[in-house]
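K.L.:
Pasting a predicted model and its sequence here:
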Amino acid sequence: MNFLELVKNRYSVRSFQERSVEPEKLEYLLECARLAPSACNRQPWRYIVVRDKARREALCGAAARFEWMQTAPLFVVICTNDSEAWVRSSDGRNHSDVDAAITTEHLCLAAVEQGLGTCWICAFNVEKCRQALDLDPALRPVVILPIGYPAVEPHRKVRKELAEIKTEK
């Protein structure tokens, strides 16, 4: 599948099969994520793999309104260490969130290629997430990414036409 087909096949999965993700597939996803670009190659990210049911339930509690998350067999929590990220000198903008977004999308696209599904979760209580994972204080969770085999067919994506979002100068 070419890149455009891969991107067209990616969608937010909110229902997963009761099937484990093979360890070699998870390692492949993480390798793809690890190779993502980051500002000045600082790579401020960390990947917390959560297979343990009790910890997954605690993370679902941190994102309480997303009960469907419990159907995923594993989560990867993408964290950043803000002190390791590049900071733009002109305005002091720390790029750790941008770096986290890039590595997360690499992971999501690799998942599609492997027949897996994901859904970005950014609406969660950061402190509850920290507690559930007993995180190092230097790490800040940015994304909870449920991963598994989709249980339902994808829904139609609605996207703006290119003409609506493209400007040339």
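P.N.:
Arrived safely, thanks for sending. Residues are numbered from 1 along each chain as shown.

K.L.:
drop to CA atoms for contacts and neighbour counts, all remaining ones
P.N.:
OK.

K.L.:
Kindly list the longest strand within the protein.
P.N.:
strand 140-148 (DSSP state E).

K.L.:
After it, which helix or strand is next? Please name it.
P.N.:
helix 162-165 (DSSP states H and E).

K.L.:
Send me that following helix as PDB with only the CA atoms.
P.N.:
Extracted as PDB, the C-alpha positions of helix 162-165 are listed here (Å, rounded to 0.1, in the frame of the first residue of the first chain):
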ATOM      1  CA  LEU A 162      -7.800  20.900  -0.300                       C
ATOM      2  CA  ALA A 163      -9.100  24.200  -1.800                       C
ATOM      3  CA  GLU A 164     -10.600  25.100   1.600                       C
ATOM      4  CA  ILE A 165      -7.300  24.800   3.400                       C
END
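
K.L.:
returning to what we had before: elements contacting the longest strand of the chain?
P.N.:
Strand 140-148 sits against strand 74-80, helix 96-113, strand 117-118, helix 126-133, with contacts defined as 3 or more C-alpha pairs under 8 Å, 6 or more residues apart in numbering; DSSP states H and E.

K.L.:
Could you dump the ones you listed into JSON lines and include mean pLDDT, distance to residue 165 and mean neighbour count?
P.N.:
Output for the helices and strands packed on strand 140-148, formatted as JSON lines (pLDDT from 0 to 100; distance: least, C-alpha to C-alpha, whole Å; neighbours: other C-alpha atoms under 10 Å):
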{"stretch": "strand 74-80", "mean pLDDT": "98", "distance to residue 165": "29", "mean neighbour count": "23"}
{"stretch": "helix 96-113", "mean pLDDT": "98", "distance to residue 165": "20", "mean neighbour count": "21"}
{"stretch": "strand 117-118", "mean pLDDT": "97", "distance to residue 165": "26", "mean neighbour count": "28"}
{"stretch": "helix 126-133", "mean pLDDT": "94", "distance to residue 165": "32", "mean neighbour count": "17"}
